[in-house]
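J.: Fold the following, please.
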Amino acid sequence: MANRSLLILAVLFISFEAGCVKIEPPSNPFHQPTSYRVEQSPSFVAAADLNQDGFLDLAVANTGSQSLSLFINNKDGSFQDPTQLKTGRQPRFIIFGDFNEDGKIDLAALNNDEDNLYLYLNQGQAVFAAPSIYEVGRAPFTATVADFNGDRHPDVAVASRYDRLMILLGKGDGTFKNGMVADPGAIPTGIISGLFNGDAFVDLAIANNGPGSNEFVFFWGRGDGTFEKGENLTAGMKPLSLISEDFNQDHRPDILVINGLGDSLSLFLQGKDGRYGKPYPFGAEGGPVAAVAADFSGDGLLDLVVANSRSDNISFLVGKGDGTFQHPPLNIHTGVAPFSLAAGDFNQDGNADIAVVNNEDQTLSVLIGKQKKRRD
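T.: Down below sits the predicted model:
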């Protein structure tokens, strides 16, 4: 009888152990980071081919030194020592576009402490003309580029922290005319453009980071460069930024919101009716501020990398293809206070790479993706 009791206990113990399967983080899809020095308080990084050689280059906004650092790709995923573009006070955000339609990528910087946008036209080989200056409202913080009025010229929507949305309508010659101005809500800090309500006109989604806010708001495009304020959706505490991708493979634009408080993200999936339901919340490390999506694992599904400013790392989350992600994530140290991310295939080997700016140690970290076995 005693032996039988011991056998039952042993079986129960083994069953309990088998049921408590420890889930490990995914393997690291990147090589060790390569670090580059930038100027004071880098706050934003973006990738584009600035010298027309077919390889992605990088531009970094240095908020503390009134400059942009331009890193030209050596055509192998490494980058030359940066050249500097002078900006206004506290450049906070960078946008790209062929604003004069000459086949070269131009860039613009939002100067948070000058209330303006500097537009630099590309003269070729990443040489930029002196900037044209546009007043865009107090403390411009973020922007998005799209054709809002159907004239096939790139336009710009700028969100300023003092509750202002301004549209600049491109003329196609490297100049803009002022468009509509609206109040998007309290302290907008994130803006994206896309087809968010199922019609053919480009819409806007704006994250509002004001006191007590937990919402982001839609502005429905009318197709003529103007917008109608749409519905508000509830995310987490103090939404900070957002991105849009098709996370569940249904060919509809989903929206991921990075929340400034609570260390959380909120994923909104667009339904068949063109509307967004309740969010799917999931955790992140300390202080998430930005995210990018790409197939970093090589399985054909979208993954996420999140910059965590308070944890001094980035989180890699493997996507399942249904709008959810595997947990726990893999956390990778990059530098002190990572603020912004850019993804792309920097060495053209077919694998997604990533660039991260680290605000407090004034570095740019480039993580080249490892070679993967891709499924057929």
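
J.: By neighbour count, which bits of stretch 309-319 are buried? Give me those.
T.: The neighbour-count check on stretch 309-319 (16 or more other CB atoms under 10 Å) flags 309, 311-319 as buried. The way it works is simple: take the backbone N, C-alpha and C, and place the C-beta from them, glycine included.

J.: From those, which land in strands?
T.: 313-317 (DSSP state E).

J.: Tabulate the residues you listed (JSON lines), appending distance to Ala146 and pLDDT.
T.: What follows is these, written out as JSON lines (distance: CB to CB, whole Å; pLDDT from 0 to 100):
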{"residue": "Asn313", "distance to Ala146": "32", "pLDDT": "97"}
{"residue": "Ile314", "distance to Ala146": "28", "pLDDT": "98"}
{"residue": "Ser315", "distance to Ala146": "29", "pLDDT": "97"}
{"residue": "Phe316", "distance to Ala146": "29", "pLDDT": "98"}
{"residue": "Leu317", "distance to Ala146": "27", "pLDDT": "97"}
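
J.: right, and out of those, which lies closest to Ser244?
T.: Of all those, Ser244 sits closest to Leu317, with 16.9 Å by CB to CB.

J.: and of the buried residues of stretch 309-319, the nearest to Ala284?
T.: The closest of the buried residues of stretch 309-319, once distances to Ala284 are taken by CB to CB, is Ser315, at 5.8 Å.

J.: Touching, the closest one and Asn308? I think so.
T.: Yes. Taking CB atoms under 8 Å as the definition, Ser315 is a contact partner of Asn308 at 6.1 Å.

J.: between the two, what contacts are shared?
T.: 284-285, 288, 331 (CB atoms under 8 Å, 6 or more residues apart in numbering).

J.: Neighbour-wise, give me the winner out of the residues you listed.
T.: Comparing these by number of neighbours (other CB atoms under 10 Å), Pro288 comes first, having 27 neighbours.

J.: So what's the predicted local confidence for it?
T.: If you check Pro288, the pLDDT there is 96.

J.: Where does the prediction get shaky in this protein?
T.: 1-21, 373-376 (pLDDT under 70).

J.: any idea where the helices of it begin and end?
T.: 2-19 (DSSP state H).

J.: Now the terminal residues of stretch 95-108, how far apart.
T.: 5 Å (CA to CA, to the nearest Å).

J.: Off-centre distance for that stretch?
T.: Stretch 95-108 sits 20 Å away from the centroid of its parent chain (CA atoms, centre = their mean, to the nearest Å).

J.: List of residues touching it?
T.: In contact with stretch 95-108 (CB under 8 Å, 6+ apart) are residues 46, 48-50, 52, 59, 68, 94, 110, 117-124, 128, 143-145, 153-154, 156, 170, 172-174, 176.

J.: Of those, keep whichever come out buried.
T.: The buried subset of the contacts of stretch 95-108 (16+ other CB under 10 Å) comprises 46, 48-50, 59, 68, 94, 110, 117-122, 128, 143-145, 153-154, 156, 170, 174, 176.

J.: from these, which ones fall inside strands?
T.: 46, 48, 59, 68, 94, 110, 117-120, 122, 128, 143-145, 156, 170, 176.

J.: what's near enough to touch the nearest residue to Asp163 once chain neighbours are set aside?
T.: Computed as CB to CB, 6 or more residues apart in numbering, the closest residue to Asp163 that is not its neighbour in sequence is Asp183, at 5.3 Å. Asp183 makes contacts with 163-165, as judged by CB under 8 Å, 6+ apart.
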